[in-house]
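Participant: coordinates for the following, if possible.
(one chain, ligands or ions: 1)
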Amino acid sequence: MSLSVKYNVAIIGGGIGGLMAAYRLKQNKPDTKIIITERGNALEKRSCPAGKNNGCIHCKTCSITSGYAGAGAFSDGKFNLGTAYGGTLGEELGDDVANQYIDEVDKILNKYCTSGIPVVYKSNEDLKLKCIQNNLRLLDMNVKHLGTDNNYITMLNLINDLAENGVEMKTFYDCEKVLKTDSGYELLYTNGEKICADKIIIATGRGGANFVNDFCRDFDVKTRSNHIDIGVRVEMKDVIWKEFSDKIYEPKILYKTKTFEDRCRMFCFNKGGLVSAENNHGIITANGHSYAEAEKKTDNCNFAILSSIRFTEPFNQPTEYAESISRLANMIGKDNVIVQRFGDLIRGRRTNDHRLSQNTVIPTLKATAGDISLVLPHRILTNIIETIYALDKVAPGTANDDTLLYGCESKYYSIRPVFKNNDFELVDGVYIIGDGSGICRGLSQSGAMGIYVADCMSK
Ligand SMILES: Cc1cc2nc3c(=O)[nH]c(=O)nc-3n(C[C@H](O)[C@H](O)[C@H](O)COP(=O)(O)OP(=O)(O)OC[C@H]3O[C@@H](n4cnc5c(N)ncnc54)[C@H](O)[C@@H]3O)c2cc1C
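Facilitator: The predicted structure follows:
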């Protein structure tokens with residue numbers, strides 16, 4: 001069935017990139033007919049049953065990663081106020097322009113942030129020095145922290161305002177194909193619906209990697225292989241990283257490993273947080289978040305340690321590689337993420353329920369006790385172990401026996417389309433933004449790219 005209206009712009013994906021693009025398109029030209037189509041649910045109806053059911057039940061559409069407000073809906077709401085990390089928008093646009101757009105995202109979010117005053121954490125010279133002295137590089141940037149709850153309200157206010165301003169929004173509209181017509185484009189959805197639009201913005205995030213792949217293949221858009229990051233989510237007592245989290249809130253640290261000289265990074269830190277499982281098309285991976293409210297804080301902190309791999313010719317399926325490792329973890333973990341004590345990993349033995357029940361760090365995710373060394377390739381595991389010992393020098397206790405490792409966590413940026421021009425246009429009238437473009441890896445740059453592309457389209 002086809003919606004009879006023809007839209008000026010159809011946005012595929014309702015994450016921060018798509019929402020910010022819609023906001024700016026309406027701001028630039030209020031009469032623009034815009035529709036956002038989202039494969040997931042409305043924000044207020046997104047609910048993950050994992051907590052109630054003690055584990056992921058493999059919903060058809062994962063409420064954690066899909067739905068309005070996108071993958072960041074239940075995130076900790078950390079907005080990076082600069083270009084030092086969270087993507088390469090600075091390289092694409094130049095730091096000045098990218099920072100100007102990041103600043104605009106910040107202002108828009110401030111307008112909708114009605115449930116609390118976010119805290120801004122400044123970079124810290126003493127901690128930077130301490131890291132350098134231990135062969136670690138602390139990435140340096142001011143970060144605004146909204147917290148999960150404030151982030152949720154902010155995004156809900158933005159979505160409601162867009163709706164009031166005439167932006168149409170569809171839920172459970174999973175776009176599977178785009179066709180070129182004489183007067184624009186036709187978008188085909190898995191529910192049998194069709195939409196016609198003059199122009200399209202692809203804002204499908206990381207979860208839409210297959211869609212972007214198919215689009216590039218169908219429209220002959222060249223692609224470049226991007227790197228992937230594979231590793232674990234690490235959980236320990238909160239107090240171990242208190243010096244860092246009190247001063248800069250979120251330590252992001254790079255380490256060049258001794259054995260392989262590979263780049264490993266510690267990031268996505270959650271103070272007083274919870275480890276979570278997310279379902280990426282049937283593959284269950286680890287992640288983490290934390291709430292701003294004191295009563296929802298745990299005694300633990302968690303963060304990711306990921307080893308970066310950039311494949312060279314002839315191999316060009318990095319996403320499939322990462323997925324097959326995560327699938328292996330799910331196989332051993334009986335359709336779940338595996339959890340292992342660091343002490344057990346080092347001693348070459350699995351963690352079992354008994355050892356886990358004696359652990360001083362109480363796991364915040366119900367994962368399957370097991371052995372991640374049966375899953376992660378030698379090189380990646382070596383990188384992770386070396387990074388844990390390196391981090392232990394600046395935050396003693398990180399390498400404690402009772403530290404928990406959840407496997408796997410992976411971030412794939414997969415393909416990176418070759419753009420037609422600096423407007424991030426793929427083919428005439430089709431633009432790509434956010435994480436799905438292979439350029440962004442965070443909320444602020446994804447939002448900034450959305451506004452930037454909207455400005456380009458309004459020229
Ligand atoms: C648990 C978690 C915590 C995070 N915490 C932070 C943080 O604190 N700070 C930070 O900066 N970043 C964080 N991130 C990363 C951040 O969420 C992303 O970088 C950001 O959401 C990317 O925005 P986006 O709009 O490009 O894509 P997304 O937010 O992924 O949105 C894309 C949307 O498109 C939809 N979609 C995909 N394919 C289709 C299709 N074919 N048809 C229709 N719809 C489709 C998806 O359902 C999704 O809702 C976190 C991510 C996760 C998963």
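Participant: count of neighbours near residue 305?
Facilitator: Neighbours of residue 305 under the rule other C-beta atoms under 10 Å: 25. Any C-beta I mention is one placed from the backbone N, CA and C, and that applies to glycine too.
Participant: how far off centre is the helix or strand hosting it?
Facilitator: Secondary structure from DSSP states H and E places residue 305 in strand 300-309. Here the centre of strand 300-309 is set off from its chain's centre by 13 Å, with C-alpha atoms, centre = their mean, to the nearest Å.
Participant: tell me the strands beside that strand, with direction?
Facilitator: The pairing partners recorded for strand 300-309 under DSSP bridges are strand 228-237 (antiparallel), strand 263-270 (antiparallel).
Participant: what's the most buried one of these?
Facilitator: The highest mean neighbour count among those belongs to strand 228-237 (a mean of 25), with neighbours defined as mean count of other C-beta atoms under 10 Å.
Participant: what separates whichever helix or strand comes after it from the chain centre, distance-wise?
Facilitator: Reading on from strand 228-237 to the C-terminus, the next helix or strand found by DSSP H and E is helix 242-248. Helix 242-248 has its C-alpha centroid displaced from the chain centroid by 23 Å (C-alpha atoms, centre = their mean).
Participant: only alpha carbons, please: show helix 242-248 as PDB.
Facilitator: Once non-C-alpha atoms are left out, helix 242-248 reads as follows in PDB (Å, rounded to 0.1, in the frame of the first residue of the first chain):
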ATOM      1  CA  LYS A 242      36.600   7.200  41.300                       C
ATOM      2  CA  GLU A 243      39.500   9.500  40.900                       C
ATOM      3  CA  PHE A 244      38.900   9.700  37.100                       C
ATOM      4  CA  SER A 245      35.100   9.700  37.200                       C
ATOM      5  CA  ASP A 246      35.000  12.400  39.900                       C
ATOM      6  CA  LYS A 247      37.200  14.700  37.800                       C
ATOM      7  CA  ILE A 248      36.400  14.000  34.200                       C
END
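Participant: in its sheet, what does whatever helix or strand comes next after it sit against?
Facilitator: Taking DSSP H and E as the definition, the helix or strand that follows helix 242-248 towards the C-terminus is strand 253-256. Counting by DSSP bridges, the strands paired with strand 253-256 are strand 136-138 (antiparallel), strand 263-270 (antiparallel).
Participant: so can I have CSV of these showing distance to the ligand and mean pLDDT?
Facilitator: Putting those into CSV (distance: least, C-beta to the nearest ligand atom, whole Å; pLDDT from 0 to 100) gives the following:
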stretch, distance to the ligand, mean pLDDT
strand 136-138, 17, 97
strand 263-270, 6, 94
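Participant: what sits against residue 427?
Facilitator: Residue 427 makes contact with 219, 221, 420, according to C-beta atoms under 8 Å, 6 or more residues apart in numbering.
Participant: helix, strand or coil for residue 216?
Facilitator: Taken by DSSP: H, G, I helix; E, B strand; the rest coil, the conformation at residue 216 corresponds to helix.
Participant: residues contacting it?
Facilitator: By C-beta under 8 Å, 6+ apart, the contact set of residue 216 is 222, 223, 415, 417, 426.
Participant: neighbours of the residue of the stretch 151-300 of the chain found nearest the ligand, just the number please.
Facilitator: Of all residues in the stretch 151-300 of the chain, the one sitting closest to the ligand is residue 205 (2.0 Å; C-beta to the nearest ligand atom). Counted with other C-beta under 10 Å, the burial measure for residue 205 works out to 27 neighbours.
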